[in-house]
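> Predicted model and sequence follow; I will ask about them next.
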Amino acid sequence: MAKLYLLLCALFGASGVALGAFGAHGLRGKVAENLLEAYKTGVQYQMIHALALFGVVLLMQNWGNRLSLTLSGALFAFGIIFFSGSLYALALGGPRWLGPITPLGGLMMIAGWVVLFFAAFNFSK
C-alpha cells in the first residue's frame, strides 16, 4: 500500500500545482469570484492532503502496513477526489448535484485525521 499511496501522493501533488496554476491564470475573470474561491479551496485541501498522504507513507515505512494507516491513507485519497474534485467540477460549471459530494469528501478527510490520531495513540514499537 505504501507504494500505491506514494504514487497517489505524487499524482495529487503534481496535479494540485497544475490545477492551482490553471485556476490562477486560466479562470480569473472567466468564472464568478465565489466559484474561483471554491476552486482555490479545492486546490489548497488537495495539496495539504497530498502531504498528509506522504506522511502516511513515511509512517508505513516506519511502523509497517497497519490497518489504521491503510485506512487513513484511503480516506485522505478519496477525500481529495470527492472534496476537491467536486469543487473543481462545480467551479467549471458541473451539475449542481455535485454540491452534496463536497461535504462527504470533507468528512472523509476528517475521518482520515481521526484514524491517524488513533494509529498514533495506539503506537508501540
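Thanks, I have the structure now.
> just the helices in the chain please.
2-22, 33-63, 67-79, 85-91, 101-121 (DSSP state H).
> Just send the ones you listed back as CSV, with mean pLDDT and mean neighbour count too.
Using the backbone N, CA and C atoms, a C-beta is placed for each residue, glycine as well. Formatted as CSV, the helices of the chain follow (pLDDT from 0 to 100; neighbours: other C-beta atoms under 10 Å):
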stretch, mean pLDDT, mean neighbour count
helix 2-22, 97, 16
helix 33-63, 96, 18
helix 67-79, 97, 22
helix 85-91, 97, 21
helix 101-121, 96, 16
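> What confidence value was assigned to residue 28?
We have a pLDDT of 87 for residue 28.
> Let me see the contact set for it.
residue 36 (C-beta atoms under 8 Å, 6 or more residues apart in numbering).
> Pull up the gap between it and residue 110, please.
Separation of residue 28 from residue 110 (C-beta to C-beta, to the nearest Å): 30 Å.
> Then residue 37?
Distance of residue 37 to residue 110, given as C-beta to C-beta: 21 Å.
> need the contact list for the residue nearest to the spatial centre of the chain.
Using C-alpha atoms, centre = their mean, the residue of the chain that lies closest to the mean C-alpha position is residue 80, 2.7 Å off. Residues in contact with residue 80 (C-beta under 8 Å, 6+ apart) are 12, 45, 46, 49, 50, 105, 109.
> Pull the most distant pair out of these.
Spatial extent of the contacts of residue 80 (C-beta to C-beta) is set by the pair 50 and 105 at 14.0 Å.
> Just list the residues touching the closest residue to residue 2 other than its chain neighbours, thanks.
Counting by C-beta to C-beta, 6 or more residues apart in numbering, the nearest residue to residue 2 once its immediate chain neighbours are dropped is residue 60, at 4.2 Å. Residue 60 makes contact with 1, 2, 5, 66, 69, 70, 73 under the criterion C-beta under 8 Å, 6+ apart.
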